[in-house]
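Participant: got a predicted structure plus its sequence, pasted below:
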Amino acid sequence: MSRSQSQEIAVVGSPEFTTGFRLAGVRRFENIPDDEKSEDLDDAVTNVIDDEGVGIVIMHDGDLEYLSRNVRQTVETSVEPVVVTIGSGTGGGGLRDQIKRAIGIDLMDEEEETEDQE
Amino acid sequence: MAKDVKPTRKNLMAIEDRIDLSERGHGTLEKKRDGLIMEFMDILDKAQDVRGELSDDYEQAQKKINMARAMEGDVAVRGAAAALQEHPEITTESKNIMGVVVPQIESSRVSKSLDQRGYGIMGSSARIDEAAEAYEDLLESIILAAEVETAMKKMLREIETTKRRVNALEFKLLPELYENQEYIEQKLEEQEREETFRLKKIKEKKEAEEKAEKAEQEAAEAAASADEAVSGDELEQSTAGGLPGGD
């Protein structure tokens, strides 16, 4: 096993979203008000992802739709740092497509069907 | 393409070796693919559980912070957030699952006691403390989700790559090699048949020549012996009849 250097957690989103995480100690953050997300969110996310001191990036699910296609693709596939989305949905939209492509079966759909049957 | 291959025995042996190697490789990669998918299914189950917990923790944290904002005001909450001294850090160790390097994330300084938060016990209210604690719990869940989802993404990438290699071997490389092998075997058989036919023809020709030679020889011998017989008779006749020209 190899150990990497110590890294931080970063959060990107509206001030209402980031404040809670800052209260928990997260000091790397990018505040983007809702009305500026279309213009500024791409750059903010790219800055944070390019920062080598960041290991995990936290974003709100709903903010993904403000991202351009390339940046969204990066967000969904990045492993260093990993982007964790929380909020409205399951947070697994892009992951679901990846699973379908790699395995050939929509595993998440089966999970939903099983839950419905229960 | 089969036509690009020279139909020699050496090439045939080389192709047979490649087929053997490719078939073994194909079998191994298929097993790797299946093993990766099985490991992935375990991780997926874990990820579903983690996601469920994450959603609950986020909901809880939002309730707490909304309560704190309502009771203390947004300014107080932001002020407390800005005063934090201790910052959570993560370190990553690597683990190997079926050849895929996945992270194990360890966190430090996420959960903090009241005095470690930096805003002082008197400088804030219980609501803000509860909100901070709820978000600390949420951070722990996020770190776990990050670990599991990173593992999932890496496994998926590896599964896709392995699947592509298996398909490339099964549908492209091996069929081409079989085609080349068949082509060379056919060509060699054809060459052998032609060679056999050629040798047969040469043999027949040679036999015909020998036969003709022998017939010529026999004819020559027969002619020679016929001449001898004639000249012998003439000599006998001349000695018996007293032909002139003796004295």
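Facilitator: Alright, I've got the coordinates.
Participant: and the residue minimising distance to the centre of chain B, what element?
Facilitator: Centroid-nearest residue in chain B: B:R165, 4.2 Å away (criterion: CA atoms, centre = their mean). Assessed by DSSP states H and E, B:R165 sits inside helix B:126-168.
Participant: what separates whichever helix or strand comes after that helix from the chain centre, distance-wise?
Facilitator: Sequence order places helix B:174-241 as the next helix or strand after helix B:126-168, per DSSP H and E. Put simply, helix B:174-241 sits 58 Å off its chain's centre (CA atoms, centre = their mean, to the nearest Å).
Participant: could you check how many residues crowd around A:F17?
Facilitator: A:F17 sits with 22 neighbouring residues when counted by other CB atoms under 10 Å in any protein chain shown. Any C-beta I mention is one placed from the backbone N, CA and C, and that applies to glycine too.
Participant: list the contacts of the closest residue to it other than its chain neighbours.
Facilitator: Nearest residue to A:F17, sequence neighbours excluded (CB to CB, 6 or more residues apart in numbering or on different chains): A:H60, at 5.3 Å. Under the criterion of CB atoms under 8 Å, 6 or more residues apart in numbering or on different chains, the neighbours of A:H60 are A:G13, A:S14, A:F17, A:T85, A:I86, A:G87, A:S88.
Participant: and A:H60, bridged to which residues?
Facilitator: According to DSSP bridges, the residues that bridge with A:H60 are A:I86.
Participant: need the pLDDT of it.
Facilitator: pLDDT recorded at A:H60 is 93.
Participant: same question, B:E221
Facilitator: pLDDT for B:E221: 92.
Participant: is it true that A:I99 touches B:M41?
Facilitator: No. Shown here, A:I99 and B:M41 do not form a contact pair, counting by CB atoms under 8 Å, at 10.4 Å.
Participant: give me the common contacts of those two.
Facilitator: Taking CB under 8 Å, 6+ apart as the criterion, A:I99 and B:M41 both touch A:L107.
Participant: these two: which is more packed in?
Facilitator: Between A:I99 and B:M41, A:I99 has the larger neighbour count (other CB under 10 Å), namely 21 against 13.
Participant: now that one, nearest residue through space, not along the chain?
Facilitator: Closest residue in space to A:I99, ignoring its immediate chain neighbours: A:L107 at 5.3 Å, by CB to CB, 6+ apart.
Participant: how many neighbours does that neighbour have?
Facilitator: A:L107: 16 neighbours (other CB under 10 Å).
Participant: all helices of chain A, in order?
Facilitator: Taking DSSP state H, the helices of chain A run over residues A:15-23, A:37-50, A:69-77, A:93-103, A:107-117.
Participant: how many residues are close by A:V83?
Facilitator: 25.
Participant: contact partners for it?
Facilitator: Counted by CB under 8 Å, 6+ apart, A:V83 has contacts A:I49, A:I56, A:V57, A:I58, A:M59, A:V75, A:E76.
Participant: how near is it to B:K172?
Facilitator: Distance, A:V83 to B:K172, using CB to CB, to the nearest Å: 36 Å.
Participant: what do you get for B:L144?
Facilitator: In terms of CB to CB, B:L144 sits 41 Å off from B:K172.
Participant: more neighbours: which of the two?
Facilitator: Using other CB under 10 Å, the more surrounded residue of B:L144 and B:K172 is B:L144, with 19 against 10.
Participant: excluding its backbone neighbours, what's nearest the more buried one?
Facilitator: Nearest one to B:L144, counting by CB to CB, 6+ apart, is B:V50 at 5.5 Å.
Participant: that neighbour is in what secondary structure piece?
Facilitator: Per DSSP H and E: B:V50 is located in helix B:9-72.
Participant: next one: that helix to chain centre, how far?
Facilitator: 20 Å.
Participant: beyond that helix, next helix or strand please.
Facilitator: Using DSSP H and E, the helix or strand that follows helix B:9-72 in sequence is helix B:74-82.
Participant: give the rounded mean pLDDT of that next one.
Facilitator: 87.
Participant: for whichever helix or strand comes after it, give the mean pLDDT please.
Facilitator: Following helix B:74-82 in sequence order, the next helix or strand is strand B:89-97 (DSSP H and E). Strand B:89-97 comes out with an average pLDDT of 88.
Participant: whichever helix or strand comes after strand B:89-97 near chain A anywhere?
Facilitator: Remark: after strand B:89-97, the chain's next helix or strand is strand B:100-108, criterion DSSP H and E. Yes. Using CB under 8 Å from any CB of the partner chain, strand B:100-108 reaches chain A at B:P103, B:Q104, B:I105.
Participant: what about the second one, how many neighbours?
Facilitator: B:Q104 has 14 neighbours, counted by other CB under 10 Å.
Participant: and the spatially closest residue to it that is not a sequence neighbour, how far from A:Q7?
Facilitator: Residue nearest to B:Q104 in three dimensions, not counting chain neighbours: B:E93, with 4.6 Å by CB to CB, 6+ apart. From B:E93 across to A:Q7, the span is 12 Å (CB to CB).
Participant: looking at those two, which is more packed in?
Facilitator: Set side by side, B:E93 and A:Q7 show more neighbours around A:Q7, with 20 against 13, by other CB under 10 Å.
Participant: any idea of the pLDDT on the more buried one?
Facilitator: On the pLDDT scale, A:Q7 gets 90.
Participant: for the nearest residue to it once chain neighbours are set aside, give its distance to B:T150.
Facilitator: Among residues not flanking A:Q7 along the chain, A:G55 sits closest, at 3.2 Å (CB to CB, 6+ apart). Distance check for A:G55 against B:T150: by CB to CB, it reads 10 Å.
Participant: overlap in contacts of those two?
Facilitator: Contact criterion CB under 8 Å, 6+ apart; residues shared by A:G55 and B:T150: A:V82.
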